[in-house]
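K.L.:
Predicted model, plus sequence, below.
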Amino acid sequence: MRLVRAEVLKLVRRRGLMAWTLVLVLGSVLVAEVILVILHAVNPENHGPAGGQTNLSHYLDVLLALGTIAAIMVGATAGSQDVANGVFRDLVVTGRSRSALFNVRAPGALLVLLPIAALAFAAAVVGAFLFSGALPGPSAKVIGGYAAYIFASILINVVLAVALTSFASSRVVVGVLIAWNVLIGPLLLQIGSLGGARKAIDVAAIDHFGPDQYVNDDVTMSTGVALLVLAVWIAVFNTAGRMWTQRRDA
């Protein structure tokens with residue numbers, strides 16, 4: 001646990017990273033709410049209440065998109081900062097296991113990011129009820145679906161970012177993972193000739209937990225299969241990153 005706490009402390013001390021994380025995750029939701037509240041106050045005839053189930057979906061869509069980017073940034077930083085700061089050799093010389101040094105990176109990143117994401121999620125849900133007016137409030141199914149969806153996206157992207165920075169620089173990893181989530185992964189899901197093989201793509205497994213509009217009707221799977229796919233991705237990338245960390249020069 002001391003290594004995990006040390007990892008969290010190293011990330012929290014990076015003021016630029018934390019500032020951008022707060023802006024992307026929490027700030028984006030609050031800004032979206034404020035804009036819709038102002039629009040409704042100024043012109044209620046053309047702009048309905050800022051709450052309700054529809055607007056909750058809008059808030060959480062923003063949180064999902066920018067939260068995924070924040071997860072990639074935090075994970076890539078956690079995976080590369082020891083080497084980038086020139087302290088990896090010192091940590092190894094003290095007798096700490098390379099595996100232990102690697103294994104605490106993803107938990108440390110998650111402990112930093114998840115509370116911020118939870119606060120942003122709570123702000124979106126509270127706003128959806130508080131500003132709903134005559135609109136129907138969000139259902140428990142929608143709230144639960146988005147919670148699982150956002151958590152799955154953050155979890156897998158933090159793990160992938162930590163693992164991939166064992167092989168490449170953080171800048172490269174950030175670019176690759178953003179491209180994978182935004183362009184390559186969704187594009188592969190649209191290629192019908194891939195058939196059932198598309199179920200093995202992490203993006204499809206993540207989408208399974210989201211609201212219906214995110215699920216590709218041609219790539220449906222059970223919750224058990226989705227969990228298995230995510231577990232395999234995490235296990236494969238985590239193992240590869242740990243093995244490479246064990247072999248790299250200090």
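P.N.:
Okay, I see it.
K.L.:
Give the next helix or strand downstream of the lowest-mean-pLDDT helix or strand in the chain.
P.N.:
The helix or strand of the chain with the poorest confidence is helix 88-93; it has a mean of 73 (mean pLDDT, DSSP states H and E). Counting by DSSP states H and E, the element after helix 88-93 in chain order, helix or strand, is helix 98-103.
K.L.:
residues touching the most centrally placed residue in the chain, list them.
P.N.:
Centroid-nearest residue in the chain, with C-alpha atoms, centre = their mean: Ile154, separated by 2.2 Å. Shown in contact with Ile154 (C-beta atoms under 8 Å, 6 or more residues apart in numbering): Gly67, Thr68, Ala71, Leu110, Leu113, Leu114, Ala117. To be clear about C-beta, it is placed using only N, CA and C from the backbone, and glycine gets the same treatment.
K.L.:
change it to 10 Å
P.N.:
By C-beta atoms under 10 Å, 6 or more residues apart in numbering, the contact set of Ile154 is 25, 64, 67-68, 70-72, 74-75, 109-110, 113-114, 117, 206.
K.L.:
Then Val23?
P.N.:
Val23 neighbours (C-beta under 10 Å, 6+ apart): Leu30, Val31, Leu66, Ala70.
K.L.:
Pull out the buried positions in the strand or helix carrying Tyr59.
P.N.:
In the assignment (DSSP H and E), Tyr59 maps to helix 52-84. Residues of helix 52-84 classed as buried: 52, 55-64, 66-83 (neighbour count, 16 or more other C-beta atoms under 10 Å).
K.L.:
ok now that helix, how far from the chain's centre?
P.N.:
Relative to the chain's own centre, helix 52-84 is displaced by 4 Å; criterion: C-alpha atoms, centre = their mean, to the nearest Å.
K.L.:
Same check on stretch 235-250?
P.N.:
The mean C-alpha position of stretch 235-250 is separated from the chain mean by 22 Å, C-alpha atoms, centre = their mean.
K.L.:
Go ahead and confirm Gly79 touches Phe88.
P.N.:
No - if you go by C-beta atoms under 10 Å, Gly79 and Phe88 don't touch, sitting 11.3 Å apart.
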